[in-house]
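*Asks:* need a structure here:
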Amino acid sequence: MTIDDLPEVFHIGEAVFTAEFSPTLYRTWDEYEITTLFNSDNELCLVAELDARIVGFALGTTVEKQRGPWKYGYLVWLGVKPTVQKAKVGQGLFRELRRRMQDQGVRMIIVDTAADNEPAINFFRKQGFGNPRQHVYLSLNLTRSRKK
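*Replies:* The predicted model follows:
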């Protein structure tokens, strides 16, 4: 990924992470997600091109615990234009991200998605992910008045 790719990556994310499809991802997807990851881990920010046009992206990072022996990889975002989602673009992006993480000494890659996002869960299982855990996501709307 280059700096010139950031606007197109953002727009693909807007098309993929919609409020109707995934309210949680929609709320957290913004231009700062891309720029922050690009500035901190640009080697783990990838785009996929088809006919010289960007059709997908993967944004990752690594985490090292202060006293832990392992380095973890975290696939933060993976988005593919809806028109090419069956063309194995996501698989190619993940394979390259995995290779780069391994080169950086990562021993485990972590990914998360909504518990009801069956397409994503199936995709990640095909990539070798397992051991799913569910967690609870809570929100607090501060614009509503509180009852006393």
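*Asks:* what about the nearest residue to Glu31 once chain neighbours are set aside, how many neighbours?
*Replies:* Nearest residue to Glu31 in three dimensions, chain neighbours excluded: Phe10, at 5.5 Å (Cβ to Cβ, 6 or more residues apart in numbering). The way it works is simple: take the backbone N, C-alpha and C, and place the C-beta from them, glycine included. Phe10 is flanked by 18 other residues according to other Cβ atoms under 10 Å.
*Asks:* would you mind confirming that Phe10 is in contact with Tyr32?
*Replies:* No. Using Cβ atoms under 8 Å, Phe10 is not in contact with Tyr32, being 10.2 Å away.
*Asks:* who's the residue most central in space within the chain bridged to?
*Replies:* By Cα atoms, centre = their mean, the chain has its centre lying nearest to Trp77, at 1.1 Å. Trp77 has these beta-bridge partners by DSSP bridges: Leu59.
*Asks:* isn't it up against Gly56?
*Replies:* No. The criterion here is Cβ under 8 Å, and Trp77 misses it with Gly56 at 10.6 Å.
*Asks:* all helices of this structure, in order?
*Replies:* 6-16, 23-28, 31-41, 89-103, 118-126 (DSSP state H).
*Asks:* by mean pLDDT, show me the worst of the ones you listed.
*Replies:* Sorting the helices of the chain by mean pLDDT places helix 23-28 lowest, at a mean of 68.
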